[in-house]
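Enquirer: here is the input, now give the coordinates:
(2 chains)
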Amino acid sequence: MEIKTMKRVDIIFAMEGVDPVKVVENAIKRDQDDIILDMIDSGLKGRGGAGFPTGLKWKFTRNEDSLEKYVICNADEGEPGTFKDREILDRVSEKVFAGMAICGYTIGAREGFIYLRGEYNFLLKKLNQKLSVFNAAMKKLGLDFVIEICSGSGAYICGEESALFESMEGKRGEPRNKPPYPTVSGYLGKPTVINNVETLVYACMINRLGAEEFKALGTKDSRGSKVFSISGDTPNAGIYELELGMTVDSFVQEFGDGDTKAVQVGGAAGGCVPRKQFTDTVIGYEGIPTGGSMMLFNSTRSMYNVLHDYLEFFTEESCEQCTPCRVGCQQLLMGIEMIKRGERTPAYLEDLKKLAKTMKISAKCGLGQSVANPFVSIVNNFKEEIIY
Amino acid sequence: MADVQKIIGDAVKVHGTERKALMPILQAIVQEKNYLSDEDMISVANVLDLSSAEVFGTASFYTFLDTEERGEYVVRVCKTISCHMAGKDEVINALEKNLKIKAGETTVDKKFTLLTANCLGWCHKGPVMLVNDEVYPELTPQKAVEIIQEHKNR
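Expert: Numbering: from 1, shown residues only, chains lettered A, B, ... in the order given. The predicted structure follows:
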């Protein structure tokens, strides 16, 4: 397997020599299919966590026959341990707008929306000011594309794309059945490209730098770099853009506090990597994928408390629409509490693991399906801490 | 007292009366008075030609669209893992003591509501809290109390 060592990269936040409006101007001189070929060739996958190839998403939406299409920037960043999108929107929002405009031109959309989580309302004023300048610049270029901001109101589940559409349509943020996928039927039932904030900046930069430069970074399965949000027991908490394909070990050597016993990769919905697996686990789509959240825990932390926090989080944030998730989250939480209090034998953990695995195949959306990731990985690796 | 009819009227001018206008209209009311009363939701339902149950059903889904009376300043302390590890319990204890209420309650003078919230997106600078839309990262119990004190004097 191809493995990279930890390396810092500066594509997302770099503004020197980058004029986002100019990037759009150059892009719209090109044929739409050429842009899509470049995007596919770059190997860029969605940076929100799910990792769907961005170029294909654009291609499928472009191929749909519809007068109305939409581009949506998913800025409902809510995964515990993730804070990169806030920083990107705060520092380089024009690059996000440019990615959206290029996407709009490519797929044939005239309207774009940024769904900004309510917790980031303090960014609204500044973003709206920058947007009015950008929208005017697009008009001047002769590109029929306008971006607007929609606000969320405090619901983690609205980061799930179909729940986000429901919310934008003025409804409860309850995920829809898939298929149909957003590329066919998204916002208001129209073909929609929905991309993460960071993905759109990479889309802008692939148009600026070319697919080759992006592709030169990372591994065969995980092209390019990625913005990581690093928190927990680390002397260097913050936001870092790193090349994909490094091992957890190489990451911990740079960011750990010397006593790291586990790293939770991908937030509450991600998996927990214990120390003994650091050297064998690659951070990327071939190993352990992440939307950017990296939480480090040292030996003073109780992994029972960590798991308990995650389960409480999911129990509260479940939309409670489907039974596996609504009941499953509650039972997992109650289950580990009962084992801790000695009201159930440790063998009960096996039943709970079965329940988590059932949720993985039966829950309606990614929230319920991913609860098994932290549950099984923490229980398997830190069983003693959960029981005693 | 906020004139809710006027807020709804102004929001309708911008967002129209289609269903997709519902969230921005509810958000505009909450922006002004921090919660949605039954009467407010019925007014919105009438203007958008929806059943009031639909409006309540939508509002009650979202944490920030409160349907219970809230204080002038809604304080939300992040309780998710990174902030937990950084000491959110001490911050909440200090605020409870200072405001003489428990988390989830509103002060008698209706000035403050103290709530906990799930991840606010400041995990590298926890503990963090929001006071209405304003964010206050890197808190200590003392710093949190000072911020509240400053709002008391506003």
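Enquirer: from residue B:63, how far out is residue A:312?
Expert: From residue A:312 across to residue B:63, the span is 14 Å (CB to CB, to the nearest Å). (Glycine included, C-beta is placed from N, CA and C.)
Enquirer: quick check: residues of chain B near chain A?
Expert: By the criterion of CB under 8 Å from any CB of the partner chain, the positions of chain B lying close to chain A are B:18-24, B:26-27, B:30, B:57-58, B:61-65, B:80-82, B:84-85, B:117-126, B:130, B:133-135.
Enquirer: out of those residues, which are inside strands?
Expert: B:117, B:130, B:134, B:135 (DSSP state E).
Enquirer: quick one, domains of the chain?
Expert: Reading this off chain A. Following automatic domain parsing, one gets these domains for chain A: A:20-215, A:303-387.
Enquirer: actually, chain B is the one I wanted.
Expert: Taken from automatic domain parsing, chain B resolves into B:4-61, B:73-152.
Enquirer: circling back to that earlier point, which among the residues of chain B next to chain A count as buried?
Expert: B:19-24, B:26-27, B:30, B:58, B:61-65, B:80-82, B:84-85, B:117-126, B:130, B:133, B:135 (16 or more other CB atoms under 10 Å in any protein chain shown).
Enquirer: from the stretch 251-388 of chain A, which residue is nearest to chain B?
Expert: Using CB to the nearest CB, residue A:309 is the residue of the stretch 251-388 of chain A that sits closest to chain B, at 4.6 Å.
Enquirer: SS state for that residue?
Expert: Reduced to three states with DSSP: H, G, I helix; E, B strand; the rest coil, the structure at residue A:309 is helix.
Enquirer: which residues touch it?
Expert: With contacts defined as CB atoms under 8 Å, 6 or more residues apart in numbering or on different chains, residue A:309 is in contact with A:268, B:80, B:81, B:84.
Enquirer: from those residues, pick the one nearest residue A:369.
Expert: Out of the contacts of residue A:309, the one with the shortest distance to residue A:369 is residue A:268. That distance is 13.2 Å, counting by CB to CB.
Enquirer: the helix of greatest length in chain A and chain B in contact?
Expert: For chain A, the helix that runs over the most residues, judged by DSSP state H, is helix A:84-107. Yes. Part of helix A:84-107 sits close enough to chain B to count as contact by CB under 8 Å from any CB, namely A:85, A:86.
Enquirer: same thing with stretch A:218-227?
Expert: No. Under the criterion of CB under 8 Å from any CB, stretch A:218-227 makes no contact with chain B; the nearest approach is 12.6 Å.
Enquirer: residue A:7 contacts residue A:241, doesn't it?
Expert: No. Residue A:7 is beyond contact range of residue A:241, at 9.8 Å (criterion: CB atoms under 8 Å).
Enquirer: which one of those two has more residues nearby?
Expert: Ranked by neighbour count (other CB atoms under 10 Å in any protein chain shown), residue A:7 and residue A:241 place residue A:241 first, with 20 against 15.
Enquirer: so the more buried one sits in a helix?
Expert: No. Going by three-state DSSP, the assignment for residue A:241 is strand, not a helix.
Enquirer: quick one, what contacts it?
Expert: Residue A:241 makes contact with A:8, A:9, A:10, A:11, A:12, A:13, A:225, A:226, A:227, A:228 under the criterion CB under 8 Å, 6+ apart.
Enquirer: if I look at it, how far off is residue A:306?
Expert: When distances are taken as CB to CB, residue A:241 and residue A:306 turn out to be 26 Å apart.
Enquirer: same deal with residue A:31?
Expert: As for residue A:31, its distance to residue A:306 is 50 Å (criterion: CB to CB).
Enquirer: more neighbours, the two?
Expert: Using other CB under 10 Å, the more surrounded residue of residue A:31 and residue A:306 is residue A:306, with 24 against 9.
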